[in-house]
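**Student:** Test case, fold it:
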Amino acid sequence: MAHWWTKQKQNRHLAVLFGLLALLAGLLAFYDWRPAAGALALIAFSVWYVVRHEKQEQKMLQRYVATISHRVKKAGTEVFNELPIGIVLYDESGEIEWHNPFVSRIFDTDSLIGRPLTEVFPGLRNKKDKDGKHELEIESKVYLAQVKAEERLVYITDITQQSVLQKRYEEEKLSIGLVVLDNLDEVSQGMDDQTRSLLMAKVTGEITNWANKYGMLLRRTSSDRFLLLLNQQTLKALEASRFEILDDVRELTSEQKVPLTLSIGVSAGFDKLTELGQMAQMSLDMALGRGGDQAAVKVGPRMSFYGGKSNAVEKRTRVRARVISHALRDLIRESDKVVIMGHRNPDLDSLGAAIGVLKAVHLSQKEGYIVLEDINPSIEKLMGLIQEDEKLSKWFISPEDALTIMNGRTLAVVVDTHKASMLAEPKLVQLASRIVVVDHHRRGEEFIQEPTIIYLEPYASSTCELVTELLQYFNDRISMDAIEATALLAGIVVDTKSFSLRTGARTFEAASFLRRHGADTVIIQHLLKEDLEEYVLKSEIVKHAQMLYRRVALAVAEPGRKYPQLLIAQAADTLLNMSGVEASFVIAERTDGRIGISARSSGQINVQVIMEKLGGGGHLTNAAVQIDCTLAEAERQVVSAIDQFVREEGIEE
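**Tutor:** Prediction:
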């Protein structure tokens, strides 16, 4: 281009020069024609020479351009054929029209022309009409296919090495684990030093052998805590084995009155070491909050649980109850008002615990309110008694009224749940700057954010038991009205099935304290009486029961019939009392249109884990979930969850 521009410039100069010579020849001809004729001959010769030279240069340029074009075309063809990128063109019907040799080498064939694109590349099925990048696995190699739908063109690149390196990088990412002996004090109580040392040596040896088996670095940080360093490949192997160390340690110490159990928290998938450590501690807290004897694994946003086969061990120390009670008392005194709330569709445990916390607020001479959305059959009889007591009934308010009294100094106390989504009004905890959670359910992945005080004890029979313990340390001289003590004792009686399930020594101590303060067992018996109509409805559900795995009873109510949640739970309790039934599941349509599922177990089958697979939760022996679907779909989901649990736990049919 530069040469052409220079040539044009020279031509303009020559034109100017010839013009001047012609002008000079014209002047000479005015004086004498002979010199002018010579000048004209010279000009004509110069023009002829320049034109001839220009033609020669044009021919040379054309030959040069032709040579370059040939070389470029030849180089382009070689690149097109030798470039390590596959190029495929396909027609409107999805058949391959043309491809370069790289594609032939992928499949070790001469030609793929005429074959359907999705047959050759199954990974592009339903994707060939969409632009984007897709990974394809072909004969143990990984390729990246980039689709250009408008041009009907596919670029294919071999990324096998990159994929291998990526996989290796992911597998070798660091994971952190924390292991704690969650009931060492309870097991070793009364042991002499030698017996305790022998027990610890056996358990530590078992844990060390387990760590060596999987190539993990194990370091003991205290008498009952260990630190684990492992990679994600090892973590996958541990998950595949379902953390067998949990069962090994429990069986190793089975001769003790209370077997020693482990709780494990593991985190992976986080880039910062500080974040890994925080998530490992959070996972351990989750495992302990669910009762211990299990492993909680957090990989990025995913949280998984393993184990949890045994009931939570009752803690025999009251130190924590006293510390929590004093902290709650100070927090109430620093607040202007206190709002107390339980879960939606409250039961006697939720309502009784709320009344107990209200008593603590009044003992601190502060205003407290119980948030109640509606009165359901579970609490209808108790609320009837409360409404007759003007001194107590005036402290019940609706969620709308509760929102109006919320300010920066309002304390929110949540009882019998730790999930914001289950509250009658979730906005209340969002507006509260200080939150207290008192609950006895095993901790789930969802948890109220940033509570000031957490009193979550899955060993407890009920939230009413926990609140009763807090009241015992709240004030030196405490007096209770009969209705308050009765409400708390009713919650304990209902959740323990009249002291037959999940009942520990402290459960009876709490019941004794309430009885001394006026709890009326006759009223409780009246609250728990069944109507004949309800009994008939429950019998209609039970008659549809069928047995799974010779030990699990499953009853699905008739379509179109609606039942209260309490009646669904009572039907599950009734089925569990049948001979040969170790777990019961009842599925029925609730009065609000949702499908309610109640699960009960005698302890051999962890119904909490099964319900968690469906989005619910609860205890090892008592769990539930509410879902939006048809009865048939709910039955399919429950049966699938039971089958999965049976396979994972290796339960024999």
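
**Student:** Report the contact partners of G277.
**Tutor:** I176, S267 (CB atoms under 8 Å, 6 or more residues apart in numbering). Quick note: C-beta positions are derived from backbone N, CA and C, even for glycine.

**Student:** do the same with the one 10 residues further on
**Tutor:** Under the criterion of CB under 8 Å, 6+ apart, the neighbours of A287 are S263, I264, G265, Q294, A295, A296, F305.

**Student:** Show me which of those residues is closest to P116.
**Tutor:** F305 (45.4 Å; CB to CB).

**Student:** Please give the element, helix or strand, for M60.
**Tutor:** M60 is part of helix 33-82 when elements are defined by DSSP states H and E.

**Student:** With Q637 instead?
**Tutor:** According to DSSP H and E, Q637 maps onto helix 631-649.

**Student:** What segments of the stretch 451-600 of the chain are helices?
**Tutor:** For the stretch 451-600 of the chain, the helices defined by DSSP state H, counting those that start in this stretch occupy 463-474, 482-495, 505-516, 521-527, 532-542, 565-576.

**Student:** Which one of those lies nearest to V625?
**Tutor:** helix 565-576 (11.2 Å).

**Student:** for the stretch 401-550 of the chain, which spans come out with low pLDDT?
**Tutor:** Filtered on pLDDT under 70, the stretch 401-550 of the chain yields no residues whatsoever.

**Student:** So for the helix holding M60, mean pLDDT?
**Tutor:** In this model, helix 33-82 has an average pLDDT of 64.

**Student:** How about stretch 367-382?
**Tutor:** 90.

**Student:** got it, and stretch 257-268?
**Tutor:** For stretch 257-268, the per-residue pLDDT averages 87.

**Student:** tell me which residues in that stretch are buried?
**Tutor:** P259, L260, T261, L262, S263, I264, G265, V266, S267, A268 (16 or more other CB atoms under 10 Å).

**Student:** which two of those lie the greatest distance from each other?
**Tutor:** Going by CB to CB, the pair spanning the buried residues of stretch 257-268 furthest: P259 and A268, at 28.8 Å.

**Student:** how about the helix holding Q637: buried residues?
**Tutor:** Applying 16+ other CB under 10 Å to helix 631-649 flags L631, A634, E635, Q637, V638, A641, I642, F645, V646 as buried.

**Student:** out of those residues, who's nearest E151?
**Tutor:** Using CB to CB, Q637 is the member of these that lies nearest E151, at 45.2 Å.

**Student:** Could you look up the SS state of the nearest residue to that closest one once chain neighbours are set aside?
**Tutor:** Distances taken as CB to CB, 6 or more residues apart in numbering place L614 nearest to Q637, at 5.8 Å, with adjacent residues excluded. Secondary structure, DSSP: H, G, I helix; E, B strand; the rest coil: L614 is coil.

**Student:** and L614, how many neighbours?
**Tutor:** 19 (other CB atoms under 10 Å).

**Student:** How about the contacts made by it?
**Tutor:** I597, V625, I627, Q637, V638, A641.

**Student:** contacting residues for the last one?
**Tutor:** To tie it back to what came earlier, the one meant is A641. A641 sits next to I610, M611, K613, L614 when contact means CB under 8 Å, 6+ apart.

**Student:** Just the buried residues of the residues you listed.
**Tutor:** Buried positions within the contacts of A641, assessed by neighbour count (16+ other CB under 10 Å), are I610, M611, L614.
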